[in-house]
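> For reference, the sequence and a predicted model appear below.
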Amino acid sequence: MKSSTSAQKLAEKINKAIEDHVLTNAEYEEILQIADEDGIIDPEERALLGQLKEMIVDKTVKRVAE
């Protein structure tokens, strides 16, 4: 199954957050916007968002104001 364009953009943004170990509120909002830009959060996007949430919870990625 081919990844959707939004899933690819979403993966790029999430990978940047993983590399930086930091996610700003603006980046988080952008990630949510990318996931919902086509009006459908597909299974791949849902999995990526779930992985990001887990990394925020276990502090692998730290969420900061700016």
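Yep, that arrived.
> Same question for residue 59, what's its three-state structure.
Secondary structure of residue 59, reduced to three states by DSSP: H, G, I helix; E, B strand; the rest coil: coil.
> so what's it scoring on pLDDT?
At residue 59, the pLDDT value in this model is 94.
> Please tell me how far it sits from residue 21.
9 Å (Cβ to Cβ, to the nearest Å). Backbone N, C-alpha and C define where each C-beta goes, glycine included.
> middle-most residue in this protein, spatially?
Among the residues of the chain, the one closest to the centroid is residue 14, at 4.2 Å (Cα atoms, centre = their mean).
> close enough to count as contact, it and residue 48?
Yes: using Cβ atoms under 8 Å, residue 14 is in contact with residue 48, at 5.6 Å.
> After the lowest-mean-pLDDT helix or strand in the chain, heading C-terminal, what element do we hit next?
Least confident helix or strand, the chain: helix 5-20 with a mean of 91, by mean pLDDT, DSSP states H and E. Sequence-wise, the next helix or strand downstream of helix 5-20 (DSSP states H and E) is strand 22-24.
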